[in-house]
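Colleague: structure here, sequence nowhere to be found:
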Ligand SMILES: *[C@@H]1O[C@H](CO)[C@@H](O)[C@H](O)[C@H]1NC(C)=O
């Protein structure tokens, strides 16, 4: 039996993906979050059943604007205003919204040009609603936005991503919003298992593995997050906070994908995030991917990221983890107020 200690890592959440036909109903899922004392959730779209079930739960929420809507968000303010009315205002403050993630992993790519205009339109609608200090607008990127990631101090955005992220980072610093980064040491390991030590990916290395100027890296997760910070610094952005909007390890279906490695990674990540990275030694807000195995995803590793099997009631169906009893629930740090003018 493994234990995930959400108790000590109150800035930590779990992504609630809904691509399974055997998932429990939202009310049971929210009850499971509460019984495990998971303080935050990432939801990929404004699923009305989930939003209803979140009413009064106190769970802090990242909700997504799906990629399919980016173009209409960028070009039609009426669409955005209606979306905010239906999915945010009508659930506010019963639902504790924290961030809205405008698009997931679309930079670089065909949808990338729509991200900033969509974010700006959404920000405008939140300002009209008086919610811009309560809810921050961001986008979720993959670590693949980096052209250089090693060593971490050399981190820089790729030439394909840079034009978008240069402008988006100005928006984020002006609004006090974080950059959301899906951070997967697993994929780096699985792509090169002969050169990337498993213990470096699983937070189990016994000493530093990478030395980089004044910093020593004992785990790949920190190296990836700090490479993003280096890339932001090269844009002159020193104040944007990275929120890890997904991280996890699959329990089946790929290289190194075992229940034991998933349990090791997930519990070590939770233990680790409170101390931050060598460059930014402050608690990291991070979201484990994901709550359940999702049977409607592509066969193979994609289906096997869950902390829980869909039938979450049976103890033997817990994939990798059981959570500890929590003493008390705490809130995340308050969000910074909007400062300065938006430039875009
Ligand atoms: C949330 O729950 C309360 C109490 O049951 C109810 O009065 C309120 O209408 C609900 N809000 C929404 C948005 O469903």
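Modeller: That came in fine, so what should we check first? Because the structure is a prediction, the values reported are computed rather than measured.

Colleague: list the contacts of residue 152.
Modeller: Residue 152 sits next to 210, 212, 215, 217, 222-224, 226-227, 229-230, 278-279 when contact means CB atoms under 8 Å, 6 or more residues apart in numbering. Heads up, the C-betas are built off the backbone N, CA and C, glycines and all.

Colleague: can you pick the most crowded of those residues?
Modeller: In terms of neighbour count, residue 222 stands highest of these at 27 neighbours, by other CB atoms under 10 Å.

Colleague: now do residue 64 against residue 225, distance only.
Modeller: 21 Å (CB to CB, to the nearest Å).

Colleague: one step back: quick one: which of the contacts of residue 152 sit in helices?
Modeller: Judged by DSSP state H, the contacts of residue 152 include 222-224, 226-227, 229-230 as members of helices.

Colleague: for the ligand, give me its nearest residue in the chain.
Modeller: Using CB to the nearest ligand atom, the single residue of the chain nearest to the ligand is residue 55, 3.7 Å away.

Colleague: more neighbours, residue 64 and residue 225?
Modeller: residue 225 (26 against 23).

Colleague: was I right about the more buried one contacting residue 273?
Modeller: No - at 9.7 Å, residue 225 does not count as touching residue 273 under the criterion of CB atoms under 8 Å.

Colleague: what do the two both touch?
Modeller: With CB under 8 Å, 6+ apart as the test, residue 225 and residue 273 both reach 244, 284.

Colleague: what's the pLDDT at residue 79?
Modeller: What the model reports as pLDDT for residue 79 is 98.

Colleague: which ones are touching it?
Modeller: Residue 79 sits next to 69, 72-73 when contact means CB under 8 Å, 6+ apart.

Colleague: then residue 218?
Modeller: So residue 218 contacts 200, 203, 205, 207-209 (CB under 8 Å, 6+ apart).

Colleague: any idea which residue sits dead centre in the protein?
Modeller: Residue closest to the mean C-alpha point of the chain, counted by CA atoms, centre = their mean, is residue 245 at 0.7 Å.

Colleague: settle this for me: that one is touching residue 44, isn't it.
Modeller: No - with contact defined as CB under 8 Å, residue 245 does not reach residue 44; the gap is 10.4 Å.

Colleague: pull up the gap between residue 37 and residue 14, please.
Modeller: Distance of residue 37 to residue 14, given as CB to CB: 11 Å.

Colleague: so between those two, which is more surrounded?
Modeller: residue 14 (29 against 17).

Colleague: so residue 134 sits in a strand?
Modeller: No - under DSSP: H, G, I helix; E, B strand; the rest coil, residue 134 falls outside any strand and is assigned coil.

Colleague: surely it and residue 97 touch.
Modeller: Yes - counting by CB under 8 Å, residue 134 touches residue 97, with 7.0 Å between them.

Colleague: who's more crowded, these two?
Modeller: The residue with more neighbours, out of residue 134 and residue 97, is residue 97; 22 against 16, by other CB under 10 Å.

Colleague: and the pLDDT at the more buried one?
Modeller: Note for residue 97: predicted pLDDT of 97.

Colleague: hey, where'd the strands end up in the stretch 151-300 of the chain?
Modeller: 156-157, 179-182, 210-212, 215-217, 242-247, 286-288 (DSSP state E, counting those that start in this stretch).

Colleague: what average pLDDT does the longest one get?
Modeller: Model confidence over strand 242-247, given as mean pLDDT, is 98.

Colleague: same question, the first one
Modeller: Mean pLDDT, computed over strand 156-157, is 98.

Colleague: with the fourth one instead?
Modeller: Taken as a whole, strand 215-217 has an average pLDDT of 98.

Colleague: counting contacts, what elements does that strand pack onto?
Modeller: Packed against strand 215-217 by the contact rule (3 or more CB pairs under 8 Å, 6 or more residues apart in numbering; DSSP states H and E) you find strand 210-212, helix 220-234.

Colleague: dump the residue contacts of residue 115.
Modeller: Residues near residue 115 by CB under 8 Å, 6+ apart: 70, 74, 102-103, 106-107, 139, 164, 168.

Colleague: which among the residues you listed gets closest to residue 121?
Modeller: Nearest to residue 121 out of these is residue 74 (CB to CB; 6.8 Å).

Colleague: wait, a strand at that closest one?
Modeller: No - assigned with three-state DSSP, residue 74 falls outside any strand and is helix.

Colleague: burial of it, as a residue count?
Modeller: 23.

Colleague: now, the most widely separated pair of the contacts of residue 152?
Modeller: Farthest pair in those (CB to CB) is 210 and 229. Separation: 15.1 Å.

Colleague: for residue 188, what are its contacts?
Modeller: 143, 196, 201, 220, 224.

Colleague: correct me, but the first one touches residue 231?
Modeller: No - taking contact to mean CB under 8 Å, the distance of 10.1 Å between residue 143 and residue 231 leaves them out of contact.

Colleague: higher neighbour count, these two?
Modeller: Set side by side, residue 143 and residue 231 show more neighbours around residue 231, with 26 against 19, by other CB under 10 Å.

Colleague: distance of the more buried one from residue 15?
Modeller: Distance, residue 231 to residue 15, using CB to CB: 24 Å.

Colleague: and the closest residue to residue 66 other than its chain neighbours, what does it touch?
Modeller: Nearest non-adjacent residue to residue 66, counting by CB to CB, 6 or more residues apart in numbering: residue 45, 4.8 Å away. The contact partners of residue 45, by CB under 8 Å, 6+ apart, come to 63-66.
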